[in-house]
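1. fold the following.
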Amino acid sequence: MKSNNSINVPQAKEAMNKFKMQAASEVGVNLTNGYNGHLTSREAGSVGGQMVKKMCPTRTMNYTRNDRTALGHCVSLSYIAAVCI
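-> Here you go, the predicted structure:
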């Protein structure tokens with residue numbers, strides 16, 4: 001299977017580069033314009049991970065309700081949703 005990392009909208013290239021630089025600064029990686037062969041796998045992965053984290057936020061909602069089967073008891077529920085853009 002061939003990997004395709006090209007940007008589908010050419011006009012978005014500058015915005016993606018800015019987004020990548022912002023993610024790198026948030027995780028403390030010294031990223032430069034152009035080739036970044038000096039980065040370790042961990043550093044490069046942390047930049048990509050930060051980008052995914054920003055693009056696909058996860059929301060969690062917790063609440064307690066009365067148990068439907070045992071009167072007087074409560075049940076704690078958690079709903080987790082991830083929305084990818």
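
2. and the gap between Leu77 and Lys18?
-> 40 Å (Cβ to Cβ, to the nearest Å). All C-beta atoms are positioned from the backbone trio N, CA, C, and that covers glycine.

3. are we agreed that Leu31 is in a strand?
-> No - assessed with DSSP: H, G, I helix; E, B strand; the rest coil, Leu31 is coil; it does not lie in a strand.

4. mind checking pLDDT for the closest residue to it other than its chain neighbours?
-> In space, and not counting its chain neighbours, Leu31 is closest to Ala24: 3.7 Å by Cβ to Cβ, 6 or more residues apart in numbering. pLDDT recorded at Ala24 is 95.

5. confirm that Ala24 sits in a helix.
-> Yes - counting by three-state DSSP, Ala24 is located in a helix.

6. how about it, what does it touch?
-> Ala24 makes contact with Asn30, Leu31, Val47, Gln50, according to Cβ atoms under 8 Å, 6 or more residues apart in numbering.

7. since we're on the first one, how many residues are nearby?
-> A count of neighbours around Asn30, defined by other Cβ atoms under 10 Å, yields 10.
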